[in-house]
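[1] the following comprises the amino acid sequence and a computationally predicted model.
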Amino acid sequence: MKRTLHSFYICLLFALCTASCIEPYNPPAIAEAENYLVVEGFINSGTEPSTFYLSRTRTQADTNNLIPEIGATVYVEGEQGDRYDFSEQNDGQYNSVPLNLTFNARYRLHIRTRTNKEYISDYVALKATPAIDTLTWAVMNDGIQIYVDTHDPENDTRYYRWDYEETWQYNSAYYSNFEFVSKDSSMATREDQIFICYKSEKSSEILINSSVRLAQDVIYRNPIIFTPALSGKLTYKYSVLVKQYALSQDAFNYWQILQKNTESTGSIFDAQPSQLKGNITCVTNPEEPVIGFVTASTLQQKRLFIEGRTLPFPFIEVGYTNCDMDTIPNIKKNLSDTFANGALLPVFSIAGPLGITAYTFSYQNCVDCRAKGGTTQKPVFWQ
């Protein structure tokens, strides 16, 4: 799955390579920017595994994808000598078993690549993340705004980060009762429905806030996500899972600089080099930039469901403007010519005195909801 922070780290890469320039400009392809290590993830203490994504940057001329760093040895180590190994689950994705770590003890990430380059993060203290108090939402003129509330009664957290994953139900334009059987050019009753699908998307922005200027460590009605009515996500049922992380002040400052560089109207080249430094060092070559900031905390999360029928928006089906239906006679050659390549799918039958005389059909993307990137498998958490 494509990770949502790639664009932020690519922007950071360019800033690192060009930060000595005060005037914004379009630099030429940055040959020296190749093969910088990008580290994404955090040390998680709790019931879920810790996950780190390791990849390599490309030059400015080729920034659509990062290159997975495969075959690395990855582990977390504590100051007391305890070690927790990670295994590579997918290319560049390294997971641990669930970790039961000690609060306020200090841990760091250790990476050794296939080429024997060694990277370590600074030791960071494990922070306890306060629970999410509530997720609330409000109807706006053109969508819904979702907010998060949290607080730390000990006044110890102060710095917070969030991300989220949306999941929503959507339907195809037509319910298909039949499927084409190519071996004998016949029709069979469809066994698996392709009308109702579920799709998920992870957040693509940096969401941080701080209560450091307040007397109490309280975050109230912090905006998390705005979902437009015209997106099609709110038509049937919509859900969002919000994850909350406690940050150190240094980590917050890092994310804040990254947020400003990537989401403000200014240029990413305005920041100074010292502002962009993470907490990971290449031991083999200390002058080599490493992109990322390792933190350690527990994870708190909460899920919200919204029923589309409760919202004051018109019923909207997105992406089905050219979904006309047509009819084809129930003749094997006609059926084969129409359905053999899968671009068209049958919808329902038309019966006459002697049986089925014809079938209606439409385009695959109008009949099979999976064509829009979703799955027919209902999520285990779906209500």
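    Nice, I can see it.
[2] hang on, Val124 packs against Phe293?
    No: if you go by Cβ atoms under 8 Å, Val124 and Phe293 don't touch, sitting 9.1 Å apart. (Each C-beta comes from the backbone N, C-alpha and C, glycine too.)
[3] may I see the buried residues of the longest helix along the chain?
    Counting by DSSP state H, the longest helix found in the chain is helix 249-263. For helix 249-263, burial by neighbour count (16 or more other Cβ atoms under 10 Å) applies to Asp250, Ala251, Phe252, Tyr254, Trp255, Gln256, Ile257, Leu258, Gln259, Asn261, Thr262.
[4] distance between it and the chain's centre?
    Using Cα atoms, centre = their mean, to the nearest Å, we find the averaged C-alpha position of helix 249-263 to lie 19 Å away from the chain's own average C-alpha position.
[5] now for that helix, which elements pack on it?
    helix 6-18, strand 159-171, strand 207-210 (3 or more Cβ pairs under 8 Å, 6 or more residues apart in numbering; DSSP states H and E).
[6] quick one on the thing from earlier: more neighbours: which of Val124 and Phe293?
    More neighbours surround Phe293 than the other of Val124 and Phe293, with 24 against 21 (other Cβ atoms under 10 Å).
[7] contacting residues for the more buried one?
    Asp250, Ala251, Tyr254, Trp255, Gly278, Asn279, Ile280 (Cβ atoms under 8 Å, 6 or more residues apart in numbering).
[8] check contacts around the first one.
    Asp250 makes contact with Asn279, Phe293 under the criterion Cβ under 8 Å, 6+ apart.
[9] how is the protein carved up into domains?
    Under the assignment named as automatic domain parsing, the residue ranges that make up the domains of the chain are 1-127+247-298, 172-198+318-372.
[10] adding mean pLDDT, write these out as JSON lines.
    Formatted as JSON lines, those follow (pLDDT from 0 to 100):
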{"stretch": "domain 1-127+247-298", "mean pLDDT": "81"}
{"stretch": "domain 172-198+318-372", "mean pLDDT": "96"}
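[11] go through the ones you listed and name the closest to Val148.
    Comparing those against Val148 with Cβ to Cβ, the closest turns out to be domain 1-127+247-298 (14.8 Å).
[12] any chance of the domains of the chain in JSON lines, plus distance to Thr136?
    Formatted as JSON lines, the entries for the domains of the chain read as follows, by distance: least, Cβ to Cβ, whole Å:
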{"stretch": "domain 1-127+247-298", "distance to Thr136": "23"}
{"stretch": "domain 172-198+318-372", "distance to Thr136": "24"}
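[13] for Tyr160, which of those domains is the nearest?
    Taking Cβ to Cβ, domain 1-127+247-298 is the member of the domains of the chain nearest to Tyr160, at 6.5 Å.
[14] can you pull out the helices in this protein?
    Counting by DSSP H, the chain has these helices, from start to end: 6-18, 249-263, 332-339, 364-367.
[15] counting contacts, what elements does the third one pack onto?
    Applying 3+ Cβ pairs under 8 Å, 6+ apart, one finds that helix 332-339 makes contact with strand 186-189, strand 326-329, strand 344-352, strand 355-363.
[16] ok, Trp382 touching Tyr238?
    No: with the criterion set as Cβ under 8 Å, Trp382 and Tyr238 do not qualify as a contacting pair; they are 11.2 Å apart.
[17] and those two? Which one has more around it.
    Just comparing Trp382 and Tyr238: by other Cβ under 10 Å the higher neighbour count belongs to Tyr238, 24 against 12.
[18] give me the pLDDT for the more buried one.
    Per-residue confidence at Tyr238 stands at 98 (pLDDT).
[19] pretty sure it contacts Glu165?
    No: contact status for Tyr238 versus Glu165: not in contact, 11.9 Å apart, counting by Cβ under 8 Å.
[20] so how far is Gly319 from Tyr363?
    Applying Cβ to Cβ, to the nearest Å, the value for Tyr363 to Gly319 is 11 Å.
[21] what about the two, which has more around it?
    Higher neighbour count among Tyr363 and Gly319: Tyr363, with 19 against 14, using other Cβ under 10 Å.
[22] burial measure for the residue lying closest to Thr298 once chain neighbours are set aside, as a count.
    Among residues not flanking Thr298 along the chain, Thr129 sits closest, at 4.7 Å (Cβ to Cβ, 6 or more residues apart in numbering). Counted with other Cβ under 10 Å, the burial measure for Thr129 works out to 23 neighbours.
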